[in-house]
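1. Build me a model:
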Amino acid sequence: MTGNKRIFKFFFSTIFSLSVCGMTSQTTQTVRVIKNYNNWKWDSVYVAKNKFISVAVVPQSAGRILEFNLGDVPSLWVNPKLLGKSFPHSEEVKMSDWRNFGGYRLVPLPIDNCSVDKNGNSAKRWPPPVMIGDSPYNARIVKNKSSEPSEIVVTSGVQQLPVPQFDNQSKAFVYPKSVNEELQYQRSLSIEDNSSLVHVKHTLTNVGTKNVKRGIMISSQHVSRSKPELTDGENFVAYVPFDEKYKLPNGEQFEITGTADSRWNYVNKNRKPLDKNNPEDVKKYYNHGTNWNGEVAPGIYEVAYDYELMSGFHIVSSKGWLCYVNKTNNTAFVKILEPYNPKLEYEDGVNASIFCSGLETGYLETEVRTPLYNLKPGEHFDYYEIQAAAKISAGTVLAVNRIGIITKSLTLSTDSKKITGKYGVFKEGILVLRTTTTNGQTSETVVENNVNPLKAYELDFQLQDKVKGVKLQLYIKDDHNDYHLLDAVTI
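-> Numbering: from 1, shown residues only. The predicted structure follows:
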């Protein structure tokens, strides 16, 4: 394990431990196994719930998370055609055989060398490797100390690489000459009381006899229409923060993987016949997509869903978060990632990507990419991720932290007496404004007695006196009287 890796592991494991500890000893979150949950037709679904969120893990669907709801609002798309299904471990799969259950899934990185072609060269295969992506996982509930939540732990079978690939010319599978890699994946998940925070630890272990270089891509397939009959993809968006100092290997800030030709060909093949001699067709479809909304606020890029597109977006998430928003009900679901480290190697040079899929009913995908790690036999790497959800006010997501979402930063009016801001919060508690003067004197004011993830909060607070030369800090004070910083500004 490299020094950088040890530092990142310590940093995020410390955050993970601190965020799970310090909770009430009489927990109200529950973790249990439910038969035929949501009428999904699976015998055993592992469900974690509290009064704000529900998370459901299905071992038979490759351990995927198929539900992450805030109240009754879902974030994840689930494929109705595969409810109750499970599939064998055989890697003899063709393009048409992809078992895409939906939800929150896993792909090993790099993608391009998981298979072999007819010449024996390393190659990409889609569907991705079955054992780690589509086959049933083992699952268990780990009960921790009374002050800590129970965990849902899922473990894959052993994934052997490379996997065979179907050759369309010979109409036969091409098999690798030997097994070069053996990998096993494990994920532990827990939720907190009185919050929408979901703590996830990913572990990839080299269980083979040879050195490997691997990472993982963990992606969520999100809902992209408000009703089955509607195509209102413009209301389903993803936000990602970026910084000019983090560029792709080609020197560009971002990359759109599709081209005008690929978009045209996709629509022509899968949606309706197009005519290059028809100016209306050319204007509408001969482009790389119109849903890449660009920089909608300083350092914030927005992508909307497009039903007539199969294309991705690569970028470095400079502040370590991704956010999916359903604008029809102003509900946001976020992923907080390990900080990007330019000294480490990432596939395509990025730690995040967004994908618009036209498959099935369509979905918008937010993708987290871990670094690539060199693992000797028996070694593993851990990757920590926090997910959360909140109701927000309409507008662009400007920032995300472990306490909430900012859609309008803390601002003091020109007359120095009115404070405003717009937020979604991940924790239930009391909203407190703390004022610190230049000589260190502090005062606190309760500005809202009850904030929680199910309601957006718009701060509009009138001060009795003008303030100048002070620091203003907005905190959520929880039921343990612990303070959590949501936003701050120095005047």
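
2. drop to CA atoms for contacts and neighbour counts, all remaining ones
-> Noted.

3. Could I get the full set of helices for this protein?
-> Assigned helices in the chain, in chain order: 3-20, 130-133, 260-270, 279-285 (criterion: DSSP state H).

4. and these, which one is worst for confidence?
-> In terms of average pLDDT, helix 3-20 trails the rest of the helices of the chain, at a mean of 42.

5. The closest residue to Val73 other than its chain neighbours - how many residues pack around it?
-> Of all residues beyond its chain neighbours, the one nearest Val73 is Thr331 (7.6 Å), with distances taken as CA to CA, 6 or more residues apart in numbering. Look at Thr331: counted by other CA atoms under 10 Å, it has 25 neighbours.

6. which residues does Thr331 bridge with?
-> Per DSSP bridges, the residues bridged to Thr331 are Asn326, Lys391.

7. So it is in contact with Gly395, correct?
-> No - contact criterion CA atoms under 8 Å: Thr331 and Gly395 do not qualify, at 11.4 Å.

8. in the stretch 151-300 of the chain, which segments are predicted with low confidence?
-> By pLDDT under 70, the stretch 151-300 of the chain has no low-scoring segment.

9. Strands along that one, start to end?
-> Per DSSP state E, counting those that start in this stretch, the stretch 151-300 of the chain carries strands over the ranges 151-155, 159-161, 165-167, 172-174, 181-191, 198-206, 212-222, 236-241, 254-256, 292-297, 300-304.

10. Can you tell me which helices and strands the fifth one packs against?
-> Just to be clear, that refers to strand 181-191. Secondary-structure packing of strand 181-191 (3 or more CA pairs under 8 Å, 6 or more residues apart in numbering; DSSP states H and E): strand 45-49, strand 151-155, strand 159-161, strand 198-206.

11. what lines up beside the third one in the sheet?
-> Each strand paired with strand 159-161, and its direction, by DSSP bridges: strand 181-191 (antiparallel).

12. The partner strand versus strand 198-206: what angle between them?
-> Between the axes of strand 181-191 and strand 198-206, defined by axes from the mean of the first three to the mean of the last three CA atoms, to 10 degrees, the angle is 170 degrees.

13. Just put the strands of the stretch 151-300 of the chain in CSV and tack on mean neighbour count and distance to Leu454.
-> Shown next, in CSV, are the strands of the stretch 151-300 of the chain (neighbours: other CA atoms under 10 Å; distance: least, CA to CA, whole Å):
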stretch, mean neighbour count, distance to Leu454
strand 151-155, 22, 24
strand 159-161, 21, 40
strand 165-167, 20, 47
strand 172-174, 16, 51
strand 181-191, 22, 16
strand 198-206, 21, 16
strand 212-222, 22, 19
strand 236-241, 25, 19
strand 254-256, 16, 34
strand 292-297, 14, 25
strand 300-304, 22, 24
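
14. Pipe these into JSON lines and attach distance to Glu92 per row.
-> Formatted as JSON lines, those follow (distance: least, CA to CA, whole Å):
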{"stretch": "strand 151-155", "distance to Glu92": "22"}
{"stretch": "strand 159-161", "distance to Glu92": "13"}
{"stretch": "strand 165-167", "distance to Glu92": "7"}
{"stretch": "strand 172-174", "distance to Glu92": "7"}
{"stretch": "strand 181-191", "distance to Glu92": "17"}
{"stretch": "strand 198-206", "distance to Glu92": "23"}
{"stretch": "strand 212-222", "distance to Glu92": "22"}
{"stretch": "strand 236-241", "distance to Glu92": "35"}
{"stretch": "strand 254-256", "distance to Glu92": "31"}
{"stretch": "strand 292-297", "distance to Glu92": "36"}
{"stretch": "strand 300-304", "distance to Glu92": "35"}
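
15. Nearest to Tyr363 among those would be which one?
-> Distance to Tyr363, taken as CA to CA, is lowest for strand 212-222 among the strands of the stretch 151-300 of the chain, at 5.4 Å.

16. Give me the distance between that closest one and the centre of its chain.
-> 10 Å (CA atoms, centre = their mean, to the nearest Å).

17. again, but for stretch 229-249
-> Remark: stretch 229-249 is offset 12 Å from the chain centroid, using CA atoms, centre = their mean.
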